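Peer 1: Predicted model and sequence follow; I will ask about them next.
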Amino acid sequence: MTLDRYADGVDGLAPDDGAVETAELAVTDDVLVKAFALGPGATVDPHEHGDATNVFHVLEGEPTVVRGDEEETLAAPAVVLNERGTVHGARNDTDERAVITASLCPLP
């Protein structure tokens, strides 16, 4: 047994080109940690959470993170804070899988 939820949640994700696969790594009454595996050319559409803070952790690859009017390609490891109400998303402009987790808290 291991305390690490990353391998069990993400190792089986193998998204095709343009696809995003997800896994919930931790869910409690006050936090959600969700993994997003982005295939080449895939996008997590920009969106916002008015009542929750969202933190991206770039764990594999080099996704382009979108926050408001800003975009930045980040290499793993990286952390991006998305304050409540800030539009945020990500896309994978590379030929390799990119993986980010998103921590959302508190849960709406």
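Peer 2: Sure, I can see it.
Peer 1: Could I get the full set of strands for this protein?
Peer 2: 20-27, 32-38, 43-47, 53-60, 64-67, 70-73, 78-82, 88-91, 98-105 (DSSP state E).
Peer 1: In TSV, list the ones you listed along with mean pLDDT, distance to residue 9 and mean neighbour count.
Peer 2: Bear in mind the C-beta positions are built from the backbone N, C-alpha and C, glycine included. Shown next, in TSV, are the strands of the chain (pLDDT from 0 to 100; distance: least, CB to CB, whole Å; neighbours: other CB atoms under 10 Å):
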stretch	mean pLDDT	distance to residue 9	mean neighbour count
strand 20-27	96	4	15
strand 32-38	97	5	22
strand 43-47	97	17	14
strand 53-60	97	11	19
strand 64-67	96	21	19
strand 70-73	97	24	12
strand 78-82	97	18	16
strand 88-91	98	18	21
strand 98-105	96	9	21
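Peer 1: closest one to residue 2 among the ones you listed?
Peer 2: Nearest of the strands of the chain to residue 2, taken as CB to CB: strand 20-27 at 12.8 Å.
Peer 1: Check which helices and strands the closest one sits against.
Peer 2: helix 6-10, strand 32-38 (3 or more CB pairs under 8 Å, 6 or more residues apart in numbering; DSSP states H and E).
Peer 1: Take these and lay them out in TSV including distance to residue 87.
Peer 2: Output for the helices and strands packed on strand 20-27, formatted as TSV (distance: least, CB to CB, whole Å):
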stretch	distance to residue 87
helix 6-10	25
strand 32-38	16
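Peer 1: Residue 62: which of the ones you listed is closest?
Peer 2: strand 32-38 (10.6 Å).
Peer 1: Pairing partners for that closest one, with directions?
Peer 2: Note on strand 32-38: by DSSP bridges, its sheet partners are strand 20-27 (antiparallel), strand 98-105 (antiparallel).
Peer 1: Give me the residues contacting stretch 73-84.
Peer 2: Stretch 73-84 has contacts (CB atoms under 8 Å, 6 or more residues apart in numbering) with 49-65, 67, 88, 93, 99.
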